[in-house]
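Student: Predicted model and sequence follow; I will ask about them next.
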Amino acid sequence: MARRNSRANGNNNIPENTGQDKITVARVVNNKVRNGLESSSFEHVYHASNSMCRTTEADDECFYLGCSVTSSIYFFLNYQMELKTTPQCKPRTHLMFLKTHKTASSTILNILYRFGDSRNLTFALPKGKHNTFSYPDNFSSSFVEDFPPKLGLKYHIVCNHMRFNLPEVKKVIPEDSFYFSILRNPVNMMESAFTYFQDAGPFSKANSIEKFLKKPWEYFMSVASNRYYTKNFLAFDFGFLEFGNYSEEVVNYTISRIESMFDLILISEYFDESMILLKNTLCWEYEDVLSFKQNSRSNKTKHSLSEQVKLNATKWNWLDWEIYVYFNKTFWEKIDTNIGRQKMQKELKELKRKQKDLMETCILGISDPDKIHDLSLKPYQPGKARILGYALKPNLTVEMNQKCKRLVMPELQYTVILYNKQFPPVRAKDKPVKLVNSKQN
């Protein structure tokens, strides 16, 4: 039988049909029901299917499609019942983000800071207004300011740099917390780390990454401190040794442990896709994952690598490479399972539109740090890197200026703001007259 394409005209009314048109009507109605387009008038569907199933003129295909429509009604009514009984998605607010180094993690930190700040959530913050939990020591709850918190409660969010240590982390945040982190291609990560930490540890003994990778062990063993910057930086952040036995068994164990501890691993090279996946997983809105790049280097301090140097960097960071390859694969599997590529493209388009609008509203330009006069927006300048900042547009409303400023505020300055909000400074008249055995942090 010749098949004909049909297109719904957007009208909910089903016209009277006889003979050959019934097959077309059946297809249209069946598709409309299954797509949820007849949500308030399924009686039209029943009328059409009933008419086809009792007519003596309908051929086998028409009869089949008519009964298929009837089954679609059953499917649709059950779907409507599920909507009424299924709990609505609730935004997650108990969060543990492992802030890895040189992976765009500062941008995610800013997202989490703004999310928690706007909702008056509590943060587990490093003692003494620092931005790390005594890194590179293994994390301990004793590194958290005011822990345990008053009334025996736990904090909503922990997201500053740490060397991950699950038993101690679990002391700080609720049992139902969502654990996630982000990875980056170890080759690109090492190039960035070399520029950022060139004045520290083994990197300080080599004047180029090419020179370092020609004799990496020689440089690595030449300095006892800060060696973790130079080899398997990701594995070290997750709490594993940065050097040692990289047998298949060790690699598989490391990966399985990370997978068992973390609910989601994002990928820096697909940052926008990561934000869509995070948004959907946490039941957040687009506005919750909008961001501007933080801790971004000037192109003048970026260094292109030859294929041989990339190969050497991969071998030197083999454990990181295996971790990255595995979770890059699971990242796309989660997208395919939970979102789908077509929906992902649609949501990416919307995310980029909203970010473009926000950029046009807030940002006058991306600036060299020397040209940024507002100290609250001036980024820290480490090593040989040249970290860029943002200049905001003038004449913004007070509310919009506050919003834009939070979007571009560097990590160090925002941490202090949250610290002062969560632990207000004690006024002189409120201080106790006498302190016994007091200690300074």
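Tutor: Cool, got the structure.

Student: show me where the stretch 101-250 of the chain has strands.
Tutor: Under the criterion DSSP state E, counting those that start in this stretch, strands of the stretch 101-250 of the chain are mapped to 157-158, 178-183.

Student: Export those to a markdown table and append columns for distance to L377.
Tutor: All C-beta spots, glycine's among them, are computed from the backbone N, C-alpha and C. Shown next, in a markdown table, are the strands of the stretch 101-250 of the chain (distance: least, C-beta to C-beta, whole Å):
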| stretch | distance to L377 |
| --- | --- |
| strand 157-158 | 23 |
| strand 178-183 | 24 |
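
Student: May I see those organised as TSV, with mean neighbour count and mean pLDDT added?
Tutor: Written out in TSV, the entries for the strands of the stretch 101-250 of the chain read as follows (neighbours: other C-beta atoms under 10 Å; pLDDT from 0 to 100):
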stretch	mean neighbour count	mean pLDDT
strand 157-158	24	98
strand 178-183	22	98
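
Student: Quick one: closest of those strands to G244.
Tutor: Ranking these by their distance to G244 (criterion: C-beta to C-beta) puts strand 178-183 first, at 20.1 Å.

Student: What is the closest one packed up against?
Tutor: Where contact means 3 or more C-beta pairs under 8 Å, 6 or more residues apart in numbering; DSSP states H and E, strand 178-183 is packed against strand 95-98, helix 105-118, strand 264-267, helix 271-282, helix 318-338.

Student: ok and it relative to helix 271-282, angle-wise?
Tutor: Relative orientation of strand 178-183 versus helix 271-282 (axes from the mean of the first three to the mean of the last three C-alpha atoms, to 10 degrees): 170 degrees.

Student: and strand 178-183, which strands flank it?
Tutor: Next to strand 178-183 in the sheet, as set by DSSP bridges, lie strand 95-98 (parallel), strand 264-267 (parallel).

Student: Can I get the last one in PDB, CA atoms only?
Tutor: Coordinates of each C-alpha in strand 264-267 appear next as PDB, following Å, rounded to 0.1, in the frame of the first residue of the first chain:
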ATOM      1  CA  LEU A 264      29.300  13.100  38.300                       C
ATOM      2  CA  ILE A 265      32.600  13.900  36.600                       C
ATOM      3  CA  LEU A 266      32.600  16.900  34.200                       C
ATOM      4  CA  ILE A 267      35.000  17.600  31.300                       C
END
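
Student: Going by secondary structure, C404 is in what exactly?
Tutor: In this structure, C404 sits in helix 398-408 according to DSSP states H and E.

Student: for that helix, packing partners?
Tutor: Taking 3+ C-beta pairs under 8 Å, 6+ apart as contact, the helices and strands that helix 398-408 lies on are helix 105-118, helix 341-362, strand 389-392.

Student: let's see 7 Å
Tutor: Helix 398-408 sits against helix 341-362, strand 389-392, with contacts defined as 3 or more C-beta pairs under 7 Å, 6 or more residues apart in numbering; DSSP states H and E.

Student: Let me know the next secondary structure element after that helix.
Tutor: helix 411-422.

Student: which residues make contact with that following helix from outside it?
Tutor: Outside of helix 411-422, the residues that reach it under the criterion C-beta atoms under 7 Å, 6 or more residues apart in numbering are 106, 109-110, 113, 117, 122-123, 125, 129, 131, 294, 376, 380.

Student: what about stretch 348-358, average pLDDT?
Tutor: Over the span of stretch 348-358, the pLDDT mean works out to 97.

Student: Then stretch 425-441?
Tutor: Stretch 425-441 shows a mean pLDDT of 44.

Student: Next one: V408 relative to H303, how far apart?
Tutor: When distance is defined by C-beta to C-beta, to the nearest Å, V408 is 26 Å away from H303.

Student: neighbour-wise, which of these two wins?
Tutor: Between V408 and H303, V408 has the larger neighbour count (other C-beta atoms under 10 Å), namely 24 against 13.

Student: Name the nearest residue to the more buried one, ignoring sequence neighbours.
Tutor: Using C-beta to C-beta, 6 or more residues apart in numbering and skipping residues adjacent in sequence, the residue nearest V408 is Y390, 4.0 Å away.

Student: pLDDT at the one you found, what is it?
Tutor: Turning to Y390, the model gives it a pLDDT of 92.

Student: Quickly list what it is bridged to.
Tutor: Counting by DSSP bridges, Y390 forms beta bridges with I366.

Student: which ones are touching it?
Tutor: Y390 makes contact with F292, I363, I366, S367, L377, V408, according to C-beta under 7 Å, 6+ apart.

Student: Brilliant, that's me finished.
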